[in-house]
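A.B. asks: sequence-free structure coming up:
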């Protein structure tokens, strides 16, 4: 499983698991397909921020 902290590992159309802002305390994973990559830097310690096709925005924790 690739790391969600490196932008190069994430592609538009990838199936990923993200943690939404409101779920950060619980760590609940939301799965979906990447529509847009919102983080501009090449890495981020908490995960690259993406928007899923359903409109959810969160940080990538797992890549499938």
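C.D. replies: Sure, I can see it. Predicted, not measured: the structure shown is a model, and the values here were computed from it.
A.B. asks: what are the ranges of the strands in the protein?
C.D. replies: 15-20, 30-37, 49-52, 57-63 (DSSP state E).
A.B. asks: out of these, flag the one nearest residue 5.
C.D. replies: strand 57-63 (7.9 Å; Cβ to Cβ). (Glycine included, C-beta is placed from N, CA and C.)
A.B. asks: note down every partner strand of the closest one and its orientation.
C.D. replies: Partner strands and pairing direction for strand 57-63 (DSSP bridges) are strand 15-20 (antiparallel), strand 49-52 (antiparallel).
A.B. asks: what sits up against the last one?
C.D. replies: Right, the one you point to is strand 49-52. With Cβ atoms under 8 Å, 6 or more residues apart in numbering as the test, strand 49-52 has contacts from 10, 16, 18, 30, 32-39, 57-60.
A.B. asks: again, only this time at 7 Å
C.D. replies: Outside strand 49-52, the residues within contact range by Cβ atoms under 7 Å, 6 or more residues apart in numbering are 10, 16, 18, 32-39, 57, 59-60.
A.B. asks: so, low pLDDT: which residues of the protein?
C.D. replies: 1-2 (pLDDT under 70).
A.B. asks: so which residue is dead centre in it?
C.D. replies: Ranked by distance to the mean C-alpha position of the chain (Cα atoms, centre = their mean), the top residue is residue 60 at 2.4 Å.
A.B. asks: and the gap between residue 3 and residue 47?
C.D. replies: Going from residue 3 to residue 47 by Cβ to Cβ, to the nearest Å gives 9 Å.
A.B. asks: with neighbour numbers in mind, choose between these two.
C.D. replies: residue 47 (22 against 15; other Cβ atoms under 10 Å).
A.B. asks: which residues touch the closest residue to the more buried one other than its chain neighbours?
C.D. replies: The shortest distance from residue 47 to any non-neighbouring residue, by Cβ to Cβ, 6 or more residues apart in numbering, is to residue 59 (3.3 Å). Residues in contact with residue 59, defined by Cβ under 7 Å, 6+ apart, are 18, 19, 46, 47, 48, 49.
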